[in-house]
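In: I would like the atomic coordinates for the input below:
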Amino acid sequence: MHTTVSLITDILAAAPPPEPPAAPASLAQVIENIKGWVMGLLAAIATLFLVVGGLRYIAAGGDPAQVEQAKGNFKSACFGYGLAVLSPLILKALQSIVGTGL
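Out: Below is the predicted model:
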């Protein structure tokens with residue numbers, strides 16, 4: 001009769017070995033992946049600021065301090081969307097400075 005430990009050991013022994021993670025094709029592919037992540041992250045954060053600003057503006061009830069905070073959130077959202085749009089150009093400039101030749 002198998003105990004639980006020996007049963008687990010038998011299952012692990014029969015399992016195929018894990019495959020190593022796939023290596024990136026090239027440095028250009030790594031930079032493209034990073035660019036996609038950066039653009040998505042910036043757009044998500046900007047959307048969060050836009051939503052928070054909208055909620056603050058709705059909940060302000062005429063309070064000038066709350067309205068100013070909401071406007072600040074809208075400005076931050078616009079800045080974030082601008083960075084997300086310009087991130088390919090920023091990365092291209094960094095590539096030319098670093099000299100990766102991509």
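In: So which residue is dead centre in this protein?
Out: L41 (3.2 Å; Cα atoms, centre = their mean).
In: which parts of the helix or strand where that residue lies are buried?
Out: Element membership for L41 (DSSP states H and E) is helix 27-59. By neighbour count with 16 or more other Cβ atoms under 10 Å, helix 27-59 contains the buried residues 31-32, 38-39, 42-43, 45-46, 49-50, 52-53, 56. Heads up, the C-betas are built off the backbone N, CA and C, glycines and all.
In: longest helix of this protein?
Out: helix 64-98 (DSSP state H).
In: about what we covered before: could you check the angle the helix holding L41 makes with helix 64-98?
Out: Put simply, helix 27-59 runs at 170 degrees to helix 64-98, going by axes from the mean of the first three to the mean of the last three Cα atoms, to 10 degrees.
In: Quick one: list the elements packing against helix 27-59.
Out: Judged by 3 or more Cβ pairs under 8 Å, 6 or more residues apart in numbering; DSSP states H and E, the packing partners of helix 27-59 are helix 64-98.
In: buried stuff in the helix it packs on?
Out: Q69, A70, N73, F74, S76, A77, G80, Y81, L83, A84, S87, L91.
In: Just the closest of those residues to E19, please.
Out: Comparing the buried residues of helix 64-98 against E19 with Cβ to Cβ places L91 closest, at 30.9 Å.
In: State the distance from that closest one to V85.
Out: 12 Å (Cβ to Cβ, to the nearest Å).
In: On the three-state scheme, A25 is what?
Out: Classification of A25 using DSSP: H, G, I helix; E, B strand; the rest coil returns coil.
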